[in-house]
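Trainee: here's a sequence, model it:
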Amino acid sequence: MAATAALSSLARLGSYGFSRGRGLMFNRIQRRGIAACVDPSIGLTDEQKEFQKVAFEFAANEMAPHMAEWDQNEIFPVETMRKAAQLGFGGIYVRPEVGGSGLSRLDTSIIFEALSTGCASTTAYISIHNMCAWMIDTFGSNELREKFCPDLCSMEKLASYCLTEPGSGSDAASLSTSAKLQGDHYVLNGSKAFISGGGDTDVYVVMCRTGGKGPKGISCVVVEKGTPGLSFGKKEKKVGWNSQPTRAVIFEDCAVPVTNRLGSEGQGFNIAMKGLNGGRINIASCSLGAAHASVLLARDHISVRKQFGETLSNSQFLQFKLAEMATRLVASRLLVRQAALALQENRPDAVSLCSMAKLFATDECFSICNQALQMHGGYGYLKDYAVQQFVRDLRVHQILEGTNEVMRMIIARDLLTES
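Mentor: So this is what the prediction gives:
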């Protein structure tokens, strides 16, 4: 099976032990265990538990010890991501014949949730890269698939998704980056904003206007770094997501072969939205991992922190807060996994469920992380403590891959159409 094949590389790397990183969750989990009520392995198959174990251990060893450094020094950890790709995490739901792992959307969610316990920012970039690789695998010609997918799945080459523009955020169908057909090339002019990996990545999946106004005038092309006319803006300074660079991507008479188009002319907006349906599950899954880590960090902190002569865990108010956090975490996880199944099965409720999962999980998981910070008191505001980074990294999840306000619009439109 593809799933078993993807695990085979684990034997080559050796089995991971648990590291004792800077105040992060893993050393504490090993000592105390994960309470059954929040155990993310509950309900999974044996094979899924194996993927999850590999991802948790990789997060503990390769990500968690460096999470604060990557954030503080704005390091894009390419070599670490390539190690993750050796475990099959560079093209999780890309077909095996072009180097992917061929796993399901649910498997993907499980993996991203586990990885993000080690660094939500880095895992979020890996999820975007996976989305781009899937788009090329699904909508590209055989030539494009064979050219790009093997290097993307190994993460020897990295990908960026280019939809948002300075003048078109939530109203993505109004994008203005133009692609004029000249012979056997499209000539692109315009710019994209807030592009994850921009300037450091190698492959850009770009939505551009080949026709008239509206979504039917949009096509999707793949642009390689180094193409004349492709340039980048300054590296943005961000609140979170500091382990991945963000820049504007600029096209000035940038000639791209027509053969680099994904799908047919005018299909680009549909391709973009199909990519984002999975992207919304992926980013929600990243939120789950950070929230899971934060619940355990809060639990451990109040179990040892003493005030008024006793540990904070004896406070019924904080017990109730912890119970609410755990409940919201598990509810979010269940919704995300249900949405992943719906998308995998191409069910008619998939788009709405992906929107619900993204809306609910990113809102609730940010709230969980924020409450965990509060339970740490002043310590939670120090950069020596991981919980503050989870808060900063998760805030943007409520904005990207479609803002949570747009998620509400999609859900409401579905409800009103059905009525």
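Trainee: which residues in the stretch 51-200 of the chain form helices?
Mentor: Applying DSSP state H, counting those that start in this stretch to the stretch 51-200 of the chain gives helices spanning 67-73, 78-86, 105-116, 120-139, 142-153.
Trainee: would you mind giving those as CSV with mean pLDDT and distance to Asp300 added?
Mentor: In short, each C-beta sits where N, CA and C put it, glycine included. Below are those laid out as CSV (pLDDT from 0 to 100; distance: least, C-beta to C-beta, whole Å):
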stretch, mean pLDDT, distance to Asp300
helix 67-73, 98, 17
helix 78-86, 98, 26
helix 105-116, 98, 19
helix 120-139, 98, 19
helix 142-153, 98, 37
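Trainee: to Asp393, which of these lies closest?
Mentor: helix 120-139 (4.3 Å; C-beta to C-beta).
Trainee: tell me if I'm right that Glu364 and His292 touch.
Mentor: No: at 12.0 Å, Glu364 and His292 do not qualify as touching, with contact defined as C-beta atoms under 8 Å.
Trainee: and for the two, which residues touch both?
Mentor: Common contacts of Glu364 and His292 (C-beta atoms under 8 Å, 6 or more residues apart in numbering): Leu329.
Trainee: and these two? Which one has more around it.
Mentor: Neighbour totals were compared for Glu364 and His292, and His292 leads with 28 against 21 (other C-beta atoms under 10 Å).
Trainee: return the distance of that one relative to Cys254.
Mentor: Separation of His292 from Cys254 (C-beta to C-beta, to the nearest Å): 42 Å.
Trainee: redo the helices of the stretch 51-200 of the chain as JSON lines? Include mean neighbour count.
Mentor: Shown next, in JSON lines, are these (neighbours: other C-beta atoms under 10 Å):
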{"stretch": "helix 67-73", "mean neighbour count": "17"}
{"stretch": "helix 78-86", "mean neighbour count": "17"}
{"stretch": "helix 105-116", "mean neighbour count": "28"}
{"stretch": "helix 120-139", "mean neighbour count": "26"}
{"stretch": "helix 142-153", "mean neighbour count": "19"}
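Trainee: mind putting the ones you listed in a markdown table, distance to Ser168 included?
Mentor: Formatted as a markdown table, the helices of the stretch 51-200 of the chain follow (distance: least, C-beta to C-beta, whole Å):
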| stretch | distance to Ser168 |
| --- | --- |
| helix 67-73 | 30 |
| helix 78-86 | 29 |
| helix 105-116 | 27 |
| helix 120-139 | 19 |
| helix 142-153 | 26 |
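Trainee: nearest to Ser176 among those would be which one?
Mentor: So among the helices of the stretch 51-200 of the chain, helix 120-139 is nearest, using C-beta to C-beta, at 21.3 Å.
Trainee: ok, which of the helices of the stretch 51-200 of the chain comes nearest Val205?
Mentor: Across these, Val205 has its closest neighbour in helix 120-139 (4.7 Å, C-beta to C-beta).
Trainee: roughly how far out does that closest one sit from the chain middle?
Mentor: How far helix 120-139 lies from its chain's middle: 7 Å, per C-alpha atoms, centre = their mean, to the nearest Å.
Trainee: can I get it as CSV, trimmed to CA atoms?
Mentor: C-alpha atoms of helix 120-139 as CSV (Å, rounded to 0.1, in the frame of the first residue of the first chain):
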residue,chain,number,x,y,z
ALA,A,120,2.8,25.4,13.9
SER,A,121,4.5,28.0,11.6
THR,A,122,6.7,25.5,9.9
THR,A,123,4.0,22.9,9.6
ALA,A,124,1.7,25.5,8.1
TYR,A,125,4.2,26.2,5.3
ILE,A,126,4.6,22.4,4.7
SER,A,127,0.8,22.3,4.4
ILE,A,128,0.8,25.1,1.7
HIS,A,129,3.6,23.3,-0.1
ASN,A,130,1.6,20.1,-0.1
MET,A,131,-1.4,21.9,-1.5
CYS,A,132,0.6,23.3,-4.4
ALA,A,133,2.1,19.8,-5.2
TRP,A,134,-1.4,18.3,-5.1
MET,A,135,-2.7,21.0,-7.5
ILE,A,136,0.1,20.3,-10.0
ASP,A,137,-0.5,16.5,-9.6
THR,A,138,-4.3,16.8,-10.1
PHE,A,139,-4.6,19.4,-12.8
